[in-house]
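>>> Have a look at this prediction, sequence included:
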Amino acid sequence: MKIILFAYSLLFLSTTTDLVTGDGYKIGDVATDFSLPNVDGEMVSLADFEDAKGFILIFTCNTCPYSVAYEDRIIALDKAYKSKGYPVIAINPNDPAAIDGDDLADMKVRATEKGFSFPYLQDVGQQVYPQYGATKTPHVFVLQKEGNNNIVLYIGAIDDSSRKPNKVKKRYVEQAVDALLAGKSPSTTTTKAIGCSIKTL
């Protein structure tokens with residue numbers, strides 16, 4: 001079924017919120033595929049996941065306190081939804097030359113320490129995150145496969161409590177994916193991404 005929808009202060013931390021950037025994807029857009037290096041040394045594309053119904057694509061990193069606070073919740077999302085056809089794909093958008101701790105070697109260490117069950121990719125040359133319009137880490141894009149296309153159906157935050165998991169009241173990503181699994185449109189399609197600015201030189 002085709003779904004068309006229109007719709008504190010820490011070092012190096014930006015808490016400015018963004019709904020959706022002007023240059024990135026909007027709800028209903030087709031997301032371009034990519035081929036990026038994973039922490040296991042392999043190149044990964046969305047097309048590799050032939051049996052997926054869609055994706056929970058999360059721009060995140062090693063160094064942002066907000067991203068670190070969400071790591072266990074990201075792991076839980078993958079555990080809950082990968083078997084249902086919506087795996088997590090994590091992408092580190094930061095330029096490793098702009099901040100210590102976000103190069104591929106550091107990503108491999110972090111993925112091993114936390115036991116990431118999902119691909120953790122490096123946005124080499126920072127070519128992918130501008131296409132999507134990601135501005136923060138973390139910043140989520142829920143995609144739905146329609147034929148050979150991946151349609152953007154949710155953009156924003158994982159939930160409504162960036163630093164305190166026990167205070168979460170609205171689980172935006174879970175609600176979006178649950179709706180898609182039920183053959184419905186997500187009731188909330190865009191929320192504010194709150195986190196660190198993506199680091200560039």
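Yes, it's here. Numbering: from 1, shown residues only.

>>> Run through the strands of this protein in chain order.
36-37, 43-44, 54-59, 88-92, 120-122, 136-137, 139-146, 149-156, 196-197 (DSSP state E).

>>> looking at those strands, which is buried most?
strand 136-137 (a mean of 28; mean count of other C-beta atoms under 10 Å). In this view, the C-beta of every residue, glycine as well, is placed from N, C-alpha and C.

>>> For it, which strands pair with it and how are they oriented?
strand 196-197 (antiparallel) (DSSP bridges).

>>> Tell me the bridge partners for the residue positioned nearest the centre of the chain.
Taking C-alpha atoms, centre = their mean as the criterion, I58 is the residue nearest the geometric centre of the chain, at 0.9 Å. Under DSSP bridges, the beta-bridge partners of I58 are A90, V140.

>>> that older thread, dump the strands of the chain to a markdown table, plus distance to L181 and mean pLDDT.
Formatted as a markdown table, those follow (distance: least, C-beta to C-beta, whole Å; pLDDT from 0 to 100):
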| stretch | distance to L181 | mean pLDDT |
| --- | --- | --- |
| strand 36-37 | 27 | 98 |
| strand 43-44 | 23 | 98 |
| strand 54-59 | 9 | 98 |
| strand 88-92 | 15 | 98 |
| strand 120-122 | 24 | 98 |
| strand 136-137 | 26 | 96 |
| strand 139-146 | 10 | 97 |
| strand 149-156 | 12 | 98 |
| strand 196-197 | 31 | 96 |
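
>>> and of those strands, who's closest to D78?
strand 88-92 (3.9 Å; C-beta to C-beta).

>>> what pLDDT, on average, does the top helix by length along the chain get?
Counting residues, the longest helix in the chain under DSSP state H turns out to be helix 65-81. Average pLDDT, helix 65-81: 97.

>>> For it, name the packing helices and strands.
strand 54-59, strand 88-92, strand 136-137, helix 172-181, strand 196-197 (3 or more C-beta pairs under 8 Å, 6 or more residues apart in numbering; DSSP states H and E).

>>> nearest to S161, of the ones you listed?
Closest approach to S161 among the helices and strands packed on helix 65-81 is made by helix 172-181 (10.9 Å; C-beta to C-beta).

>>> Can you give the contact residues for that closest one?
3, 53-54, 56, 77, 80-81, 84-86, 140, 142, 144, 153-154, 156-160, 185-189, 191 (C-beta atoms under 8 Å, 6 or more residues apart in numbering).

>>> Alright, calling it a day.
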